[in-house]
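Q: okay, structure incoming, though there's no sequence with it:
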C-alpha cells in the first residue's frame with residue numbers, strides 16, 4: 001500500500017522564493033522515493049510540494065476548507081474537502097504515514113503541535129516527523145527540554161538542515177523502495 005507524507009508549511013511563498021523551491025524539491029524527492037504527498041491543498045508550500053510530487057510522477061492529495069475562498073493548487077491529483085479547520089488538521093494527520101514541517105507561521109505551529117501531542121498522548125502511533133528550518137530547530141529544542149522535565153517521550157520530532165536529508169530519513173524509517 002502506498003505511503004503518504006503529510007507536509008505542513010506556509011501558504012505565502014511564491015514560485016521563485018527559496019521556501020517554495022525547497023518545498024518543490026521535497027515533493028519531487030518524496031515522489032521519486034515512491035511516496036504520495038498530502039498537504040492543505042492551497043498555495044505556497046502546499047502548491048510547491050504538490051507540484052514537485054505530481055511532476056515527479058507521484059500523487060498529491062489536498063485537504064481543503066471551502067470557507068476561505070483560497071485558490072487551490074492546480075497540481076493536486078485528489079482533493080478532500082473538510083468543513084472546519086480542525087476537521088482538516090485531523091484528516092491531514094490521519095492521512096500521514098510520516099510528517100514534514102516546513103517554514104510557516106501559527107497555522108504550521110498548530111499542525112506541528114497536533115502531530116506531536118497526538119503521538120505523545122498515544123492518539124496516533126509513533127510516526128516519523130521531520131522539521132526543516134532554524135526556526136523549528138529552536139522551537140523543538142525548547143519544547144524538548146520542557147517535555148523531558150515533564151517525564152514525557154522526547155525525540156518524537158527530528159530536525160534536518162536539508163530536504164534531501166528529510167527524504168532520506170523518511171525513506172529509511174518507512175522502508176520505501178524507489
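A: Happy to help now that I have it. Everything numeric here is computed off the predicted structure, so don't read it as measured data.
Q: contacts and neighbour counts: CA atoms only from here.
A: Fine.
Q: endpoints of stretch 56-70, how far apart?
A: Terminal residues of stretch 56-70 are spaced 25 Å apart (C-alpha to C-alpha, to the nearest Å).
Q: tell me the mean pLDDT for it?
A: If you average the pLDDT over stretch 56-70, you get 92.
Q: got the contact list for that stretch?
A: For stretch 56-70, contacts defined as C-alpha atoms under 8 Å, 6 or more residues apart in numbering pick out 27-29, 31-32, 34-42, 50-51, 53-54, 72-73, 75-85, 88, 91-92.
Q: next one: it to chain centre, how far?
A: 13 Å (C-alpha atoms, centre = their mean, to the nearest Å).
Q: remind me which residues of the protein are low pLDDT?
A: When residues are selected by pLDDT under 70, those of the chain lie in 176-178.
Q: 90 - rerun?
A: 1, 66-70, 175-178 (pLDDT under 90).
Q: where do the strands sit along it?
A: Ranges of strands in the chain, per DSSP state E, are 4-8, 36-39, 60-65, 78-82, 98-101, 129-132, 158-160.
Q: out of these, deepest packed?
A: When you average the neighbours per residue for each of the strands of the chain (mean count of other C-alpha atoms under 10 Å), strand 36-39 leads with a mean of 30.
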